[in-house]
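> Here's my sequence, what's the structure:
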Amino acid sequence: MSDGKSMDDKVRVFTTHSAEETIEAGRELAKLLDPPKTLLLRGDLGAGKTTLVKGIAAALGAAEPDEVTSPTFTLIHEYAGRSVENGKLGETVLLYHLDLYRIENQRQLDTLGMEELMTPQSVLLIEWGEKFPSVTARCDGEIVIETLHGDERRITLTLHTPKVAS
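Residues are numbered from 1 along each chain as shown. As a prediction, the model looks like this:
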């Protein structure tokens, strides 16, 4: 396929028309993010990446939407919550929202200690991670937010199916 998705990839697409609907889409996406997960979070500046994370954090019981802010200057925000299983909160989840926009090279990236964040109970959402092949190689998929018209957004979650050794 020319879009880079294999037939085995799991894809979910949402279209939203407001910040509130984008937060709600994040709540729905949280149900699909069983830890451990590492995902690229892609979209232009102002596309709504942090708005989507507000919904994911809220669904996990990790933070209220107004408590979630962009990690542009702090680089990493951590939220502790619980997984969403059949509409109920389950096991502990550590949600990490990273922004690599200001990271210029692999050496700077290495100082963040991303490996230590990747635990069996963590979900990492990484903005601007596509700048680094070492990050994309570790990702289980991506969430892409596209601005359509005005406040309308298309949010596409692609989860790669793990390759089974034969």
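> Can you tell me, leaving aside adjacent residues, what's nearest to residue 34?
Of all residues beyond its chain neighbours, the one nearest residue 34 is residue 83 (6.3 Å), with distances taken as CB to CB, 6 or more residues apart in numbering. All C-beta spots, glycine's among them, are computed from the backbone N, C-alpha and C.
> Tell me if I'm right that the one you found and residue 61 touch.
No. Residue 83 is beyond contact range of residue 61, at 9.6 Å (criterion: CB atoms under 8 Å).
> ok, the two, which is more surrounded?
Neighbours were counted for residue 83 and for residue 61 using other CB atoms under 10 Å; residue 83 has more, 20 against 16.
> check which helix or strand covers residue 13.
Using DSSP states H and E, residue 13 sits within strand 10-16.
> Contacts only, for the residue nearest to residue 34.
34-35, 60, 89-93 (CB atoms under 8 Å, 6 or more residues apart in numbering).
> Against residue 143, how distant is it?
17 Å (CB to CB, to the nearest Å).
> In terms of helices and strands, where is the nearest residue to residue 97 once chain neighbours are set aside?
Excluding the flanking residues, the one nearest residue 97 by CB to CB, 6+ apart is residue 77, at 4.6 Å. Residue 77 belongs to strand 76-85 when elements are defined using DSSP H and E.
> Can you name the residues in contact with the top strand by length along the chain?
The single longest strand within the chain, with elements called by DSSP state E, is strand 88-99. For strand 88-99, the surrounding residues in contact (CB under 8 Å, 6+ apart) are 35, 41, 50, 53, 56-57, 60-62, 68, 70-72, 75-85, 112, 114, 117, 119, 121-129.
> Apart from its chain neighbours, what residue comes closest to the spatially most central residue of the chain?
The chain has residue 125 as the residue nearest its centroid, 3.2 Å off, counting by CA atoms, centre = their mean. Spatially, and ignoring its direct neighbours in sequence, residue 125 is nearest to residue 41 (4.5 Å; CB to CB, 6+ apart).
> so the helix or strand where the one you found lies versus strand 88-99, what angle?
Element membership of residue 41, judged by DSSP H and E, is strand 37-42. Counting by axes from the mean of the first three to the mean of the last three CA atoms, to 10 degrees, strand 37-42 lies at 50 degrees to strand 88-99.
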